[in-house]
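Student: Model the structure of this input:
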Amino acid sequence: MTNEDKKDVRLIMGEVLEQIVLPQMQEIKDTLKKHDEQFKIIDGRFNGIDERLDGIDERLDGQEEKIDDLQISLNRVETLAKSEIKFVDDLSDRVLKLEKV
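Tutor: Numbering: from 1, shown residues only. Below is the predicted model of the structure:
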């Protein structure tokens, strides 16, 4: 290949690069930029949803704590009620024995 042929190949490659490759690369860059902007919008929406869910999680945690406290109180009431029922049963048995006497 002569120097002139090499020069012609370089000119042709330069034209191909300038007319075909570079415009396509720019089009790809523009498309990616649009997608990035759309993703920023979507990301902002997800951040908003995440913040709302964090608030809901906190409220649910508070409700769970209240339920746990109520369960503890209910268990105490049930224990006291059982002991009172036992006490009343014992008194009833004593009254029945006294009536028999």
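
Student: burial measure for Ile56, as a count.
Tutor: Using other Cβ atoms under 10 Å, the number of residues around Ile56 comes to 10. C-betas here are computed from N, CA, C, even on glycine.

Student: Return the distance of it relative to Gly48.
Tutor: 13 Å (Cβ to Cβ, to the nearest Å).

Student: How about Asp89?
Tutor: Taking Cβ to Cβ, one finds Asp89 at 61 Å from Gly48.

Student: for Ile12, same thing?
Tutor: In terms of Cβ to Cβ, Ile12 sits 54 Å off from Gly48.

Student: for Glu58, same thing?
Tutor: From Glu58 to Gly48 the distance is 16 Å (Cβ to Cβ).

Student: Repeat that for Glu27.
Tutor: On the measure of Cβ to Cβ, Glu27 and Gly48 end up 32 Å apart.

Student: now Ile42
Tutor: Taking Cβ to Cβ, one finds Ile42 at 11 Å from Gly48.

Student: Next: Leu91.
Tutor: Taken as Cβ to Cβ, the span from Leu91 to Gly48 is 64 Å.

Student: residue ranges for the strands of the protein, please.
Tutor: With strands called from DSSP state E, the chain shows none.

Student: quick one, longest helix in it?
Tutor: Longest helix of the chain, by residue count under DSSP state H: helix 22-100.

Student: how deep is Ser73 tucked in, by neighbour count?
Tutor: Neighbour tally, Ser73, other Cβ under 10 Å: 10.

Student: separation between it and Ile85?
Tutor: Per Cβ to Cβ, Ser73 is found 19 Å from Ile85.

Student: With Glu64 instead?
Tutor: For Glu64, the distance to Ile85 - Cβ to Cβ - is 31 Å.

Student: Just want the angle from the one helix or strand in the chain whose mean pLDDT sits lowest to helix 22-100.
Tutor: Lowest by mean pLDDT, DSSP states H and E among the helices and strands of the chain is helix 3-16, with a mean of 91. If you take axes from the mean of the first three to the mean of the last three Cα atoms, to 10 degrees, helix 3-16 sits at 40 degrees to helix 22-100.
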